[in-house]
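Please find the sequence and the predicted model below.
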Amino acid sequence: MKLGPVVKRLHEAELDLAGDFRRIGERHAADHDVYHQTRTFATQCERHAERLRRIAERYGSDVPAEGDREGLWDSVLETVRRRSSALLGPRPESGLLLLRDLRVLYLAAQETLITWVIVDQGAQAGRDTELLEVVKGCHPETELQMKWALMHIKVTAPQALSS
Amino acid sequence: MTDYGCRALAAVDRIANPWGARTPHAAGADWPVRVDEHTEREPERWVQSACVLCSNGCALDIGVAGGRIVGVRGREVDRVNHGRLGPKGLYGWQANNSPDRLTRPLVRRDGNLEETDWDTAMAAVVERARKLLDEKGSSAFGFYISGQLFLEDYYTLAVLARGGIGTNHLDGNTRLCTATAAASLKESFGCDGQPASFADVDHCDTLLHVGINIAETQTVTWSRMLDRLHGADRPRLVVIDPRSTPAAREADVHLAVRNGTNVAVLNALLRELIANGWVDQKWVDAHTVGFDALAKTVDGYTPEHAAEICGTAPDDIRAAAEILGTGERLLSVVLQGVYQSNQATAAACQVNNLNLLRGMIGKPGCGVLQMNGQPTAQNTRETGCNGDLPGFRNWQNPRHVAELAELWNVDPLAIPHYGPPTHAMQIFRYAEQGSISFLWIVATNPAVSLPELDRIRSILGQERLFLVVSDAFMTETAEFADVVFPAAIWGEKTGTFTNADRTVHLSEQAVEPPGEARPDREILLDFADGLGLQDRDGAPLLKWRTPEEVFEAWKQCSRGRPCDYTGITYEKLRGGSGIQWGGERLYEDAVFPTLPEECEDYGHELTTGVTLSAAEFKALDPAGRAILKSAPYVLPAEAPREDYPFLLNTGRSVYHFHTRTKTGRAPELVEAAPEVWVELSADEAGRLGLAEGDIAAVESPRGRIEAPVRITAIREGVVFVPFHYGYWDRDGGNDKDRAANELTITVWDPVSKQPIYKTAAVRVGPA
């Protein structure tokens, strides 16, 4: 059964994406809509990961629980990033940096999304109804995350590039 | 003198009873006339106008004597108010005569604002604008305007900014009051436009109020409702509001939900309609799309589940649903408790959905009033000053952009449409970031009205930002300006405006503006002349001068769109009642403007604000049917926690409007509500050791204010502070400890981009 490792990979992708959303959101805390929405998305990704973790375990893959990845270092980093966001906020370059970071988010969400597609196909072939249920719940949310990043890229680019 | 004495007595009475005496009427009967009047002396003549101190737009005549405004009188012939006026309308006109009106332009020299002449001031603005256009281009320009101007001012600015300068950054303070109304109408019906009419109050048998303290915000329409509630065949009333408002006290069922949980309670009501078979399924199948998705979304919201989220009783939700589900003519009314709260657009859409599921729209007594806050907010939306293209046109539709380009005789590429028109919160972010370096603020006061004032002041105070302010008074915002233009206001210029039920009124010039003050339309035309803005053939871009000429130009812009003004003229507006565009109520044929070529917007996903593309909209295939948009409940951005355990609710007083720029200069209104306050429940106050009148400190992570305590029947865990009070009239001291928006959080609805003023976490204690 090769589905297990793919589920495990998707689990990792979701946790990485959650990290991306948090890191980038904090850096752009002066862009308040980006900050709040990325926090929501990060939580969403972590929820996805948690659901996948249980499935991956069923397939025999050993996956660490979400809490294991958080540490003191992260919260120190968060403080540093928020400080730098306060400094960056009033700078004109913040638009270009936001554009670059949104691009990172878009690509990361897209990569996660395509993994969901692969898992979906595998789950259908393997008649794994529990996994199909998870896909049904999570896949559209990842798609929205990607579309959100794309929309913000479209809104951010004209001002960042012309100012 | 005797006469004056009598009127003063009447004045006191109308402060004590803002709604006046009852004139009850039964369903289908005409609302009786009652003419309200307040004058300081006998007028020599009366000049036709309408009130600009809330979105109701009550028609009135301005009394003039000795070249001054001396009073007002409601117009009995008008469909909106049948002669009535509320306290703000009766007394607010005195601001026009205030001795502290701005009468000369001001220019900042060596850090101080100094009086100068018009040519000097305008030259300073034109010179800076010209330099910026050459060096940085149109994206360096932002315009942040009002919901207080006239249609003729707005359309002038829309063409100037969108077609002339070519900036996408034009928005109104209507973003704070009415953006969600527009957004929800676009999501549900494909286009902006108030479905119902105030006259539906006369016909309904069921009233639903969601997040609207109408007794204080639109006193005259509340009088109309009270006259029904106290008349024969009283309609049943359901009120959803965390506060015990006058309407809540009249209600059959009052759901005092926790702020920010509207979607949860509305989803539960929708679920009850479906579960109990109260859906007009035949109508829904014929005239809507999206029923299955809606039913699926609301399925989990049992009364018990919603009650837990909202902090209310499940049986009260059931009782409310039964009233909504068994009435025959449902009129739903919505305002800031939805628009400025968590999930604003999603919640407003669920109210639309309640009426759609009941098939109750476009018929007498049946419909939705997605209310506006400000008197002329509707015109910012129509003319393209509130984050839309003029004439309810769709920025994603190339055909719509081409129509404007043809009308204005400019290149379609000169009209920015590469993204949604920039909303106010983003305009201020661009100014903070430095990518907008020219900001013109017209007739509004963001230094008191926007959230998180410390941030706003730091943005407005930047050296690198060139700030132009047009206003009638030296507001908290004007203090930051590089150039201040003195503006003529209502009563001092002619123009039209449209109220929350699409009624267009003409407001004639009654008196001369004070000193050198001028109408905004003229100031903007001067600016366009100075910049030499031209069309494609080298002719002036703005081809009009007089108000009526702008109105005629606007009519051409509106032609064929849902807000078609071509049947209205200044002449028709003179003498009789105001005239509604679109007729008494929209959608009488149950056909909605959701054809892809017609709609104003392709819509959004409601939790993230992701815009739908033309292809996605076409896949929905609404084709003239309404769209049942739904969303699950989502937590607000900031929740109460140990160190900030209360939810802050901000709002309005019946005696004041916006930041009191006008109402704070009317003695009766000042006396009625002179100072900010904080509302607490008796239990909470007791726990905090606070008694009525004690000074409390209210703190959020962003600021701290002090205010005397009022003990009310507000729900537990919630405190209320009115947002009207700033600093211009405070005696001494520079402490920024009075404005509610010191406390609020910078966050906005993902769809309507309306700031969320009603869900900040605060702590309260003795000062």
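Received, thanks. Numbering: from 1, shown residues only, chains lettered A, B, ... in the order given.

where's whichever residue of chain A sits closest to chain B relative to residue B:435, distance?
In chain A, the residue that lies nearest chain B is residue A:163 (3.5 Å; C-beta to the nearest C-beta). C-beta here means a position set from N, CA and C on the backbone, and glycine is covered the same way. Applying C-beta to C-beta, to the nearest Å, the value for residue A:163 to residue B:435 is 4 Å.

The longest helix anywhere in chain A packs against which elements?
Ranked by residue count, the top helix of chain A under DSSP state H comes out as helix A:129-162. Helix A:129-162 is packed against helix A:3-27, helix A:32-58, helix A:94-125, with contacts defined by 3 or more C-beta pairs under 8 Å, 6 or more residues apart in numbering or on different chains; DSSP states H and E.

For these, give me TSV that also has mean pLDDT and distance to chain B.
Converted to TSV, the helices and strands packed on helix A:129-162 look like this (pLDDT from 0 to 100; distance: least, C-beta to the nearest C-beta, whole Å):
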stretch	mean pLDDT	distance to chain B
helix A:3-27	96	12
helix A:32-58	96	5
helix A:94-125	97	5
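
Please tabulate these in CSV and include distance to residue B:187 and mean neighbour count as additional columns.
Below are those laid out as CSV (distance: least, C-beta to C-beta, whole Å; neighbours: other C-beta atoms under 10 Å in any protein chain shown):
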stretch, distance to residue B:187, mean neighbour count
helix A:3-27, 26, 21
helix A:32-58, 18, 21
helix A:94-125, 24, 18
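
quick one: which of these is nearest residue B:663?
helix A:32-58 (30.5 Å; C-beta to C-beta).

Which positions within the longest helix of chain A qualify as buried?
When burial is assessed from 16 or more other C-beta atoms under 10 Å in any protein chain shown, helix A:129-162 yields the following buried residues: A:131, A:134-135, A:138-139, A:141-153, A:155-160.

And for stretch B:21-35?
Within stretch B:21-35, the residues scored as buried using 16+ other C-beta under 10 Å are B:23, B:25, B:27, B:31, B:34.

Among residue A:163 and residue B:435, which residue is more densely surrounded?
Comparing residue A:163 with residue B:435 by neighbour count (other C-beta atoms under 10 Å in any protein chain shown), the higher total belongs to residue B:435, at 22 against 19.

and the residue of the stretch 1-150 of chain B at minimum distance from chain A, what does it touch?
As assessed by C-beta to the nearest C-beta, chain A sits closest to residue B:139 within the stretch 1-150 of chain B, at 4.5 Å. Neighbour list for residue B:139: A:158, A:159, A:162, A:163, B:167, B:168, B:169, B:435, B:436 [criterion: C-beta atoms under 8 Å, 6 or more residues apart in numbering or on different chains].

could you redo the last one with a cut-off of 10 Å?
In this structure, residue B:139 makes contact with A:158-163, B:132, B:165-169, B:416, B:422, B:430, B:435-437, judged by C-beta atoms under 10 Å, 6 or more residues apart in numbering or on different chains.

do residue B:510 as well
Listed by C-beta under 10 Å, 6+ apart, the contact set of residue B:510 reads B:43, B:45-49, B:61-64, B:67-69, B:93, B:96, B:490-494.

Just the element for it, please.
Using DSSP states H and E, residue B:510 sits within no helix or strand.

Look up which helix or strand the residue of the stretch 201-350 of chain B found nearest chain A falls in, please.
Going by C-beta to the nearest C-beta, chain A is nearest to residue B:342 of the stretch 201-350 of chain B, at 11.2 Å. Here residue B:342 is covered by no helix or strand, with elements defined by DSSP H and E.

if I read this right, it contacts residue B:749, doesn't it?
Yes: between residue B:342 and residue B:749 there is a contact under C-beta atoms under 10 Å: 8.3 Å.

shared neighbours, those two?
Shared contacts of residue B:342 and residue B:749, defined by C-beta under 10 Å, 6+ apart, are found at residue B:756.

next structured bit after the helix or strand hosting residue B:142?
Per DSSP H and E: residue B:142 is located in strand B:141-145. Where DSSP H and E defines the elements, the next helix or strand beyond strand B:141-145 is helix B:151-158.

Would the helix or strand just after that following helix count as contacting chain A?
The C-terminal neighbour of helix B:151-158 among helices and strands, as given by DSSP H and E, is strand B:170-172. No: Strand B:170-172 lies out of reach of chain A by C-beta under 10 Å from any C-beta of the partner chain, never closer than 13.8 Å.

returning to that earlier point: please enumerate the shared neighbours of residue A:163 and residue B:435.
Common contacts of residue A:163 and residue B:435 (C-beta under 10 Å, 6+ apart): A:92, A:93, A:95, B:136, B:139, B:140.

could I get those residues as JSON lines with distance to residue A:16?
Converted to JSON lines, the shared contacts of residue A:163 and residue B:435 look like this (distance: C-beta to C-beta, whole Å):
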{"residue": "A:92", "distance to residue A:16": "30"}
{"residue": "A:93", "distance to residue A:16": "26"}
{"residue": "A:95", "distance to residue A:16": "25"}
{"residue": "B:136", "distance to residue A:16": "38"}
{"residue": "B:139", "distance to residue A:16": "34"}
{"residue": "B:140", "distance to residue A:16": "38"}
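
Could you list the contact residues of the stretch 501-650 of chain B toward chain A?
Counting by C-beta under 10 Å from any C-beta, the residues of the stretch 501-650 of chain B near chain A are B:604-605, B:607-613, B:616, B:634-638.

Buried by neighbour count, from those: which ones?
Among those, those classed as buried by 16+ other C-beta under 10 Å are B:604, B:605, B:607, B:608, B:609, B:610, B:611, B:612, B:634, B:636, B:637, B:638.

Tabulate those residues (CSV), appending pLDDT.
Converted to CSV, those look like this (pLDDT from 0 to 100):
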residue, pLDDT
B:604, 98
B:605, 98
B:607, 97
B:608, 97
B:609, 98
B:610, 98
B:611, 96
B:612, 96
B:634, 95
B:636, 94
B:637, 92
B:638, 92
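
Narrow the residues you listed to those in strands?
If you go by DSSP state E, those have nothing in strands.

what two of the residues you listed have the greatest distance between them?
The distance between the two most remote of those (C-beta to C-beta) is 28.6 Å, for B:612 and B:638.

quick one, what contacts residue 28?
Because you didn't say which chain, this covers chain A. Counting by C-beta under 10 Å, 6+ apart, residue A:28 makes contact with A:34, A:35, A:38, A:81, A:85, A:88, A:89, A:94, A:97, A:98, A:101, A:102.

ah, I was thinking of chain B
Taking C-beta under 10 Å, 6+ apart, we find residue B:28 in contact with B:202, B:203, B:233, B:364, B:365.

Please, a ChimeraX command that selects the buried ones among those?
Here is the ChimeraX command that selects the buried residues among these (16+ other C-beta under 10 Å):
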select /B:202,203,364,365
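
Which single one of the contacts of residue B:28 is nearest to residue B:466?
residue B:202 (51.2 Å).

Report pLDDT for that closest one.
Looking at residue B:202, its pLDDT reads 98.

Which phi and psi values does the closest residue to chain A within chain B adopt?
Nearest to chain A, among the residues of chain B, is residue B:435, at 3.5 Å (C-beta to the nearest C-beta). With angles defined as degrees, to the nearest 10, residue B:435 sits at phi -80, psi -20.

In this structure it contacts residue A:95, no?
Yes: taking contacts as C-beta under 10 Å, residue B:435 lies within contact range of residue A:95: 5.9 Å.

quick one on the thing from earlier: would a markdown table of the contacts of residue B:28 with secondary structure and distance to residue B:157 be doable?
Formatted as a markdown table, the contacts of residue B:28 follow (DSSP: H, G, I helix; E, B strand; the rest coil; distance: C-beta to C-beta, whole Å):
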| residue | secondary structure | distance to residue B:157 |
| --- | --- | --- |
| B:202 | helix | 37 |
| B:203 | coil | 38 |
| B:233 | coil | 47 |
| B:364 | coil | 37 |
| B:365 | coil | 38 |
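
Can you pick out the most distant pair from the contacts of residue B:28?
The largest separation in the contacts of residue B:28, counting by C-beta to C-beta, is between B:233 and B:364 at 14.2 Å.

Excluding covalently adjacent residues, which one is nearest to residue A:29?
Sequence neighbours aside, residue A:85 is the residue nearest to residue A:29 in space, at 4.2 Å (criterion: C-beta to C-beta, 6 or more residues apart in numbering or on different chains).
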